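# build the 3D model from these lines:
(one chain, ligands or ions: 1)
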Amino acid sequence: MPYHTYPFELPPLPYAHAALHPYIDEETMRCHHDKHFQTYITNLNKTLEPYPKLQKLTLERLLTYSGILPYEAYVGIERNGGGVYNHGLFFEGLSKPSEEAHAPRGYLAALINRTFGDFDKFKECFGAAALDVFGSGWVCLGLTPLKRLKIYTLTNQETILKQGARPILIFDVWEHAYYLKYKNARAEYVEALWKVAKFPEMRFRAD
Ligand code: MN
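Residues are numbered from 1 along each chain as shown. As a prediction, this is how the structure comes out:
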């Protein structure tokens, strides 16, 4: 999604709706991906309709530079563009529980160990940040402009782009992401996400 331009379209899930069972149920996936994500896409297109020049910019550029735009475009891009960007990363970053890649490998693993101590300590910090998000939001592991790892908590549909960071792993902690199955038990949902969260291969040295 980061490099897509207007008109935006809902990217199909790269796995079946039921593929993440029992950690994320099919009904949640249908509602979350097909309805919530679609609504952000539809509303982002509506936001950009009156602005032919903005239609040529990638989602990443729109989100990075939204601060200099007219207020209505700014708000629409922050809310809907942020929703498209974050959800795109989130759904792409999950995979079947049977698959490999549910733990970081290679350089990313080394960087996590160096920054947090070990993978379990990283999960503890990330999980605590996920529980600390007050109201609706996200928790995101990102690479800072100085190429260090940092855990970001984001409110509503904020992204880490304005801080010059690039996302590595993101968890959706809006209630719509877990309420059907986990009700108010966000901690159980976050624990389950580790079984289906996928870590990317980092192909560059970060220092
Ligand atoms: Mn969501």
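
# quick one: mean pLDDT for stretch 96-106?
The average pLDDT within stretch 96-106 is 86.

# that stretch: end-to-end distance?
Using CA to CA, to the nearest Å, the end-to-end distance of stretch 96-106 comes to 21 Å.

# how far is that stretch from where the chain is centred?
Distance of stretch 96-106 from its chain centroid, counting by CA atoms, centre = their mean, to the nearest Å, is 18 Å.

# and the contacts of it?
Contacts with stretch 96-106, where a contact means CB atoms under 8 Å, 6 or more residues apart in numbering, come from 15, 19-20, 23, 95, 109, 112, 119, 194-199, 201-202. C-beta: built from backbone N, CA, C; applies to glycine.

# quick one: buried residues of it?
Residues 97, 102, 104 are the ones in stretch 96-106 that count as buried (16 or more other CB atoms under 10 Å).

# once you drop chain neighbours, what's closest to residue 199?
residue 104 (4.2 Å; CB to CB, 6 or more residues apart in numbering).

# measure the one you found to the ion for me?
From residue 104 across to the ion, the span is 23 Å (CB to the ion, to the nearest Å).

# and that residue, helix, strand or coil?
Under DSSP: H, G, I helix; E, B strand; the rest coil, the three-state class of residue 104 is coil.

# phi first, then psi, for it.
When read as degrees, to the nearest 10, the backbone of residue 104 gives phi -70, psi 150.

# what packs against the helix or strand hosting residue 65?
Using DSSP states H and E, residue 65 maps to helix 59-65. If you count contacts as 3 or more CB pairs under 8 Å, 6 or more residues apart in numbering; DSSP states H and E, helix 59-65 packs onto helix 82-92.

# now do the helix it packs on: which elements does it pack against?
Checked by 3+ CB pairs under 8 Å, 6+ apart, helix 82-92 has helix 38-48, helix 59-65, strand 166-172 packed alongside it.

# all set now, cheers.
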